[in-house]
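> whatever this is, show me its structure:
(one chain, ligands or ions: 1)
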Amino acid sequence: MEQYPEFLDSTDLASDGPALRARLDRDGYLFLRGLIPAATIHAVRARLLRQAAAGGWLDPDHPAEAGIANQAAACKDPEDRYMRVFRNLWRDEELHRLRTHPDVLALFARLFGGPALAHPMFVQRNIFPQAGDFDFTTGAHQDRVHIGGATSFAMWMPLGDCPREKGALAVASGSHRQGILPTKVGAGAGGMDIAVPIPGTWVTGGFRAGDALIFQDVTVHKALPNRTREIRMSFDARYQPMDQPVADTNMVPYAGCGTWNEVYAGWEQPAGQYYWKDLPLHVVPLDRSHYERRDAMAFEMAERGDRAARDAILRIVQRDTNEAKRARAETLLALLDAP
Ligand SMILES: O=C(O)CCC(=O)C(=O)O
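Next up, the predicted model:
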């Protein structure tokens, strides 16, 4: 898998909006070196590692800066033991300010030829090493089914250096030309993997702190397994032209992290809070049909005792707003976990 060729480096086009846009439209992705200063990323990484250490995620025999995982604490979103530590990481004020960094917003404005909206919701990921029977490697998927609204673009950025073997992201170049592809229940983030042969050509590469991967919401992507001893920390945020519809689910904090007031309560500076409140946004409901299909598949698999449905079932237990669905998922989770 790690034999994939390198990303095409578009750093030389970074100041040329139309050229960047033409390449993004052609390949479905852009790889840019040094979009955010490395020192800014390292400072946020240090803040998050302090929280991770306090939560028991790091091996106490190594300095926190090394980010070496305590594999006995390996956990994944949305398990309770993950969320207890994760919500402190996600709420970090300096982390939030990365996705609205002036250089990032300027880049997207050049790409869009007009003002860019950074979605208030974003994801911060902590991927423990793949070891024994623990694996939380993100499978091949498209974001469109999760993000909804008008066409949006993701920016994926590791918090620190991320060589391929630490679980770098890979994209299928050219895979964005076939619209939304059929999905199946998946085990990694989002739980909705592509169910057909992947179009395009897989590319990947090693990231240095501050490098960015930008891709369209129908570009197929996945992570490589984390084969190091470190936790792979990264964040991914979404951007779209300000005048296009945005789905309501992108306007709320990450599930399990409280309200915006609760998120901001621990911040020392107000900068960056509620930056979207006075913008003339067109907020629309998320098209949930993809989730409904995934959940129906997961129920059917779990009823057959197929443990590949476990992560999707757990996600329903933790996050679904429908009480009857949650109750059914709880029963099935107990069945799947029965010895
Ligand atoms: O970081 C990962 O493992 C997955 C990232 C992803 O799927 C995304 O940015 O959309």
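> so residue 165 sits right up against residue 227, yeah?
Yes - using CB atoms under 8 Å, residue 165 is in contact with residue 227, at 4.6 Å. From N, CA and C alone the C-beta is placed, and that goes for glycine too.
> please name the residues that touch residue 256.
Shown in contact with residue 256 (CB atoms under 8 Å, 6 or more residues apart in numbering): 78, 83, 86, 87, 318, 319.
> my bad, residue 200
For residue 200, the contact set (CB under 8 Å, 6+ apart) comprises 28, 172, 173, 174, 175, 176, 220.
> rewinding a little: for the contacts of residue 256, which one is nearest the ligand?
residue 86 (13.8 Å; CB to the nearest ligand atom).
> residues near the closest one, how many?
25 (other CB atoms under 10 Å).
> what do you get for the one 5 residues further on?
When counting by other CB under 10 Å, one arrives at 21 neighbours for residue 91.
> now do the contacts for residue 158.
By CB under 8 Å, 6+ apart, residue 158 lies in contact with 166, 168, 207, 209, 211, 232, 233, 234.
> one step back: which of the contacts of residue 256 are buried?
If you count burial by 16 or more other CB atoms under 10 Å, the buried members of these come out as 78, 83, 86, 87, 318.
> the first one contacts residue 313, doesn't it?
Meaning residue 78. No - at 11.3 Å, residue 78 does not count as touching residue 313 under the criterion of CB under 8 Å.
> so how far is the ligand from the nearest residue to residue 191 once chain neighbours are set aside?
With sequence-adjacent residues excluded and distances taken as CB to CB, 6 or more residues apart in numbering, residue 191 is closest to residue 312, at 4.2 Å. Distance of residue 312 to the ligand, computed by CB to the nearest ligand atom, to the nearest Å: 15 Å.
> just to check, residue 312 is in contact with residue 185?
Yes - assessed by CB under 8 Å, residue 312 is found in contact with residue 185 at 5.0 Å.
> what's stretch 29-42 in contact with?
With contacts defined as CB under 8 Å, 6+ apart, stretch 29-42 is touched by 7-11, 14, 20, 23-24, 98, 101, 103-104, 107, 157, 159-160, 171, 173, 203, 205, 208-216, 219, 221.
> what comes up buried for the helix or strand of the chain with the lowest mean pLDDT?
Among the helical and strand segments of the chain, the one scoring lowest on mean pLDDT, DSSP states H and E is helix 310-319, with a mean of 90. Going by neighbour count (16+ other CB under 10 Å), the buried part of helix 310-319 is 310, 311, 312, 313, 314, 315, 316, 317, 318.
> ok, stretch 271-281 next?
Buried residues in stretch 271-281, counting neighbours by 16+ other CB under 10 Å, are found at 272, 276.
> also stretch 324-336?
328, 329, 332, 333, 336.
> wait, the fourth one touches residue 311, no?
If I follow you right, that is residue 333. No - taking contacts as CB under 8 Å, residue 333 lies outside contact range of residue 311: 10.4 Å.
> just the contacts of residue 256 now: which is nearest residue 249?
Relative to residue 249, the closest of the contacts of residue 256 is residue 319; by CB to CB it sits at 10.8 Å.
> and the closest residue in space to the closest one that isn't next to it in sequence, how far is that from the ligand?
Nearest residue to residue 319 in three dimensions, chain neighbours excluded: residue 255, at 5.1 Å (CB to CB, 6+ apart). Distance, residue 255 to the ligand, by CB to the nearest ligand atom: 16 Å.
> fine by me, thanks again.
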